[in-house]
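sequence and predicted structure are below.
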Amino acid sequence: MNLELLQTVDQSYPEHSDGILDSGSEALTSAFNRRGTLLAVGCNDGRIAVWDFMTRGIARMLNGHIHPITSLSWNRSGHKLLSSSTDWNVLLWDIASGEIDLRFRFPSPVLKAQFHPRNTNIFLVCPIKNTPVLVRREEDDYRHIPLPTDGEPQLNIVASFDRRGQHIVTGSSKGKVLVIDTSSLEILKSFKIGSGTTSAIKCIEFARRGSNFLVNSADRVIRVFDIDDILGEEDGEVEALQRLQDLVNRTQWKTCTFSGDGEFIVAGSHRQHALYIWDKATGSLVKMLTGQKGETLLDIVWHPVRPIILSISTGVVNVWSQAQVELWSAYAPNFKELDENDEYEEKEDEFDIEDEDKKLEGEGEDKDGDITKTDVVTVAPIPAFCSSDEDTEEPLDWLPMAPEIEEPEEPGWGQLEPSLNELPTVEAKGERKRPANDENIDPATKPPSPKQPRTIEIDLPSHQDELIPKGPKPKGLSKSSKKSKGGSRGSQKSQVAIQKDETKEPANQMVEEYEESLKGPKRETSPVHGDDSEIDDSARSTAVMDASESSSSFTVHTSSTNSDTKV
């Protein structure tokens, strides 16, 4: 891919819709890899779809979460993917194999997880109702360190690495921003986003180029800061470089991000599917993209290289790109576009049997007689993706995709007859044929069991345990057990009665369901009298259950009907 050819004289922002990407489930969040060739989409059912963005096809499906995905983050080389979910887990994926390398279990749902921009062994996690945590790998173990909060409340704190990972910027629910050193975890700078503003900070996003970052707060204003200017100033108020807002509609912003080159800023409305694009240099609104009416925006991501924006709404990913102009003359230098048909004149040697213009012997060789060769295998690094601290790991830009072949009606190559697909049978003298079980299968030919990922428990301060309970709630006693327990408290006979009632819990549940069905409307038709009459509640309360341990059926006697009903 030649980035120099992508730089055009036209505007570098999208103009119209260019289709959708449907992952088969309701999409919630998405993230591009470093070069924009692969796209990860997190769904509501916990699945992650990895798209080949060039071919617009799903290259891999990752199944590991059981609750909605909240964030996705690629490492620098694209070999690893970090996913967080409301099931309290953060998973580290190997994209090439599609397997889970590690599972991190947190004591609360996780709002965001982000890789260090330069080091795969470090990542940042923002749990709900807890302080953001920095997780580092030390030899074969991982160590987690809570970030300092400078006395701020630890509820709903957002955090993000800067472009090179040297600093961590956090934002609190009171509108306070902290700049923390990644290595020492010392607070370098602390300031409010505005004088007298206590609005909660919703997200912090850094540009891929430069040192600018965005702060989206609940006061309907997006502020642009420069981290180098913040660290260079003395103690005092920090003024934003720009303030972006909708003065007419007073729009509340759902999310915001920079373009790939950092020249444009896009933000999405919280109430409708509308995208606002500003020019960062002038601060003026240059484009507004609107989706269908009634849709709600969930997430926005800008392609790292091309002028393409992805927005998620109604469970699908909408693609916004530039209008492509067909220029047929670019295929060949002597290619001409004709307004009308033109008579073609055949050249003299166009259909000759022998090539008269064949190269003479000796052409293509240099003076020393060696044949010049052109290297078409070595891939030169792209300068736009190179930096002074470039890693030596080969980036993963593509995933192999197997074509989907429908099963033919007749067996073909690589398929067996239907009779051969049955289980093998083992026959002995005087015994009937039986299918072979796993004990009769050779261990060498037995397929390996799936690899179980290693789980690391992350213990955080337990001051929020009362707000978010851990694990599933224990089952309580049944209604019949509670009645028995309340009838005679503290006695040994009541405990024996409770145990007996628990053994009959299924039968008691069936009786309660039957009694509930009798309590429907107040006016019912009596099968005895044949007219409308109110059934007395005392008649229903005389239901008696006869249950035996050998049979699951029971008989209910109702005095109002004078009949037996067997269930």
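Structure's in. What do you need?

what's the local residue count around Asp18?
16 (other Cβ atoms under 10 Å). In short, each C-beta sits where N, CA and C put it, glycine included.

which SSE is immediately downstream of the helix or strand containing it?
Asp18 is located in strand 16-21, with elements delineated by DSSP states H and E. Per DSSP H and E, strand 16-21 leads on to strand 27-32 as the next helix or strand towards the C-terminus.

and that following strand, what does it pack onto?
strand 38-43, strand 69-74, strand 297-302, strand 309-313, strand 316-321 (3 or more Cβ pairs under 8 Å, 6 or more residues apart in numbering; DSSP states H and E).

who's in contact with the second one?
By Cβ atoms under 8 Å, 6 or more residues apart in numbering, the surrounding residues in contact with strand 69-74 are 28-34, 38, 40, 42-44, 46, 48, 80-86, 109-115, 123.

ok, now with 6 Å
28-29, 31, 33, 40, 42, 81-85, 111-115 (Cβ atoms under 6 Å, 6 or more residues apart in numbering).

which of the residues you listed sit farthest apart?
Pairwise distances among these were taken by Cβ to Cβ; the largest, 22.0 Å, belongs to Asn33 and Leu111.

have a look at these two and say which one is more surrounded.
Neighbours were counted for Asn33 and for Leu111 using other Cβ under 10 Å; Asn33 has more, 23 against 20.

and the more buried one, what does it touch?
Applying Cβ under 6 Å, 6+ apart to Asn33 gives the contacts 74, 78.

just use 11 as the starting number from now, easier for me
Yep, numbering from 11; the last one is Asn43 now.

so how far is Arg464 from it?
Look at Asn43 and Arg464: by Cβ to Cβ, to the nearest Å, they are 25 Å apart.

next: Asn131.
Counting by Cβ to Cβ, the separation of Asn131 from Arg464 is 15 Å.

any regions of the stretch 311-460 of the chain where pLDDT drops low?
Scanning the stretch 311-460 of the chain for pLDDT under 70 picks out 338-340, 343, 365-381, 391-402, 411-460.

what segments of this structure are helices?
Under the criterion DSSP state H, helices of the chain are mapped to 237-242, 489-497, 502-513, 515-528, 547-550.

which residues lie in contact with Ser182 in this structure?
162, 167.

again, only this time at 8 Å
Contacts of Ser182 (Cβ under 8 Å, 6+ apart): 159, 162-163, 166-167, 188, 210-211.

and it, its phi and psi?
The phi and psi values for Ser182, taken as degrees, to the nearest 10, are phi -100, psi 170.

how near is it to Leu157?
Relative to Leu157, Ser182 is positioned 11 Å away (criterion: Cβ to Cβ).

and which of the contacts of strand 79-84 is nearest Tyr23?
Nearest to Tyr23 among those: Ala41, at 20.1 Å, using Cβ to Cβ.

I'd say that closest one and Ile58 touch.
No - taking contacts as Cβ atoms under 8 Å, Ala41 lies outside contact range of Ile58: 10.0 Å.

joint contacts of those two?
Jointly contacting Ala41 and Ile58 under the rule Cβ under 8 Å, 6+ apart are 50, 82.

what about the two, which has more around it?
A direct count of neighbours by other Cβ under 10 Å for Ala41 and Ile58 places Ile58 higher, at 27 against 21.

which residue packs closest to the more buried one, ignoring adjacent ones?
Spatially, and ignoring its direct neighbours in sequence, Ile58 is nearest to Leu72 (4.0 Å; Cβ to Cβ, 6 or more residues apart in numbering).

repeat that for Gly108.
Arg70 (5.3 Å).

again with Arg66
Spatial nearest neighbour of Arg66, excluding adjacent residues (Cβ to Cβ, 6+ apart): Leu31 at 6.8 Å.

how many neighbours does that neighbour have?
By other Cβ under 10 Å, 20 other residues sit near Leu31.

what does Gly161 give?
A count of nearby residues for Gly161, using other Cβ under 10 Å, gives 8.

show me where pLDDT drops low in the stretch 111-260 of the chain?
Across the stretch 111-260 of the chain (using pLDDT under 70), the flagged ranges come out as 163-164, 206.

separation between Thr141 and Asp236?
Taken as Cβ to Cβ, the span from Thr141 to Asp236 is 26 Å.
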